[in-house]
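*Asks:* Just to be clear, the model below is a prediction. Sequence and coordinates:
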Amino acid sequence: MGFPGTWMTESESVVYRVVPKCACSSIGQIMFYSDHGRFFDGDIHDSTSGLHKWSQDESQKAIERNVKGHQSYAFTCVRNPYARILSSFFDKIAGIQRNGKRYRGNLVPQLIQKYGIEVGSPEDNFDFDQVKSFRRFLLFARDTIRWRRPMEPDIHWSAMSGHISTFIVNGGQYDHIFFTEKFNEGMQVVLDNIETAHPIDLATIPRFNESEGHGPKRVHKVSDYFDDLSRHLVWEIYKKDFQLFKYDFDDPDNKMPIGEVDLAEVHAKLGD
């Protein structure tokens with residue numbers, strides 16, 4: 001299986017396991033800059049050179065050798081599961097993608113038909129019942145993850161623990177896991193542990209939020225989207241994420257972690 005979703009600088013200064021919707025655009029651009037002294041012109045997910053990626057065939061041997069030998073500092077980044085699934089909905093389901101189209105072609109029409117979801121459009125200023133549609137989307141997300149119907153689960157809403165575990169199961173080891181909500185603090189730990197060709201000042205680095213501005217703005221506080229049933233579904237899907245990455249299940253409005261990640265526990269529980 002190898003190391004899907006793994007990126008590494010060309011200098012092999014650092015290895016990163018991508019977790020979608022967890023600041024991956026910013027992290028990728030910082031890695032690119034650390035080698036080249038400039039940012040990638042465009043969405044870093046579209047780059048095909050300047051950064052080793054498992055999805056690039058010519059990068060796989062270098063990544064596999066490095067990760068299995070734990071030759072470089074390896075890290076990943078996590079995010080509050082409530083905020084992450086909401087972000088997935090507003091970006092991938094309600095939003096228009098960078099190419100001007102809906103995500104995954106016929107996915108949104110399928111959701112409208114099978115789950116009664118509404119998403120509005122740029123023409124009506126995305127005027128729809130966000131709470132009702134999000135809760136129906138959550139049912140769909142649970143169905144894909146639990147039963148793989150009506151489709152396989154998408155990387156943007158499948159559990160973080162699933163992404164993070166493939167790296168461990170296939171022979172990798174993390175040196176650091178930090179929180180999107182404490183981005184500068186967590187990323188600085190990474191930078192303090194590696195040598196970069198070009199210095200990085202996190203205070204001046206722009207945030208690369210590639211999904212921003214392509215869809216509706218969230219109009220309610222987080223807890224308004226999650227009634228009792230929704231929270232039950234969230235626990236069913238993301239129980240491990242809450243437990244391992246120390247997020248507050250009881251208060252959806254508390255986006256901050258309530259403890260530190262225990263790397264030994266993560267490796268033990270996700271390494272089966």
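*Replies:* It's in. Model, not experiment: these values are computed from the prediction.

*Asks:* Please count neighbours and contacts with C-alpha atoms only from this point.
*Replies:* OK.

*Asks:* What number of residues are in the vicinity of the residue nearest to S158 when sequence neighbours are not counted?
*Replies:* For S158, the nearest residue in space outside its immediate sequence neighbours is I145; the separation is 6.7 Å by CA to CA, 6 or more residues apart in numbering. I145 is surrounded by 19 other residues when neighbours are defined as other CA atoms under 10 Å.

*Asks:* likewise G120?
*Replies:* Neighbour tally, G120, other CA under 10 Å: 17.

*Asks:* For the residue lying closest to it once chain neighbours are set aside, list the residues it contacts.
*Replies:* Nearest residue to G120, sequence neighbours excluded (CA to CA, 6+ apart): F126, at 4.2 Å. With CA atoms under 8 Å, 6 or more residues apart in numbering as the criterion, the residues that contact F126 are A94, V119, G120, G215, P216.

*Asks:* among the helices and strands of the protein, which has the poorest mean pLDDT?
*Replies:* helix 107-115 (a mean of 94; mean pLDDT, DSSP states H and E).

*Asks:* Quick one: classify D201 as helix, strand or coil.
*Replies:* With DSSP: H, G, I helix; E, B strand; the rest coil as the basis, the three-state label of D201 is coil.

*Asks:* how near is A203 to P257?
*Replies:* Here the criterion is CA to CA, to the nearest Å. By it, A203 lies 22 Å from P257.

*Asks:* Revised request: answer the last question for H267.
*Replies:* From H267 over to P257 (counting by CA to CA), the distance is 19 Å.

*Asks:* How about H232?
*Replies:* For H232, the distance to P257 equals 20 Å [CA to CA].

*Asks:* Okay, buried residues for the least confident helix or strand of the chain please.
*Replies:* By neighbour count on 16 or more other CA atoms under 10 Å, the buried set for helix 107-115 is V108, P109, L111, Y115.

*Asks:* Redo those as a markdown table? Include distance to M151.
*Replies:* A markdown table is the format used below for the buried residues of helix 107-115 (distance: CA to CA, whole Å):
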| residue | distance to M151 |
| --- | --- |
| V108 | 12 |
| P109 | 14 |
| L111 | 11 |
| Y115 | 13 |
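
*Asks:* from the residues you listed, which is closest to E152?
*Replies:* L111 (14.0 Å; CA to CA).

*Asks:* Name the nearest residue to that closest one, ignoring sequence neighbours.
*Replies:* If the residues on either side of it in the chain are set aside, L111 comes closest to I117, at 5.9 Å by CA to CA, 6+ apart.
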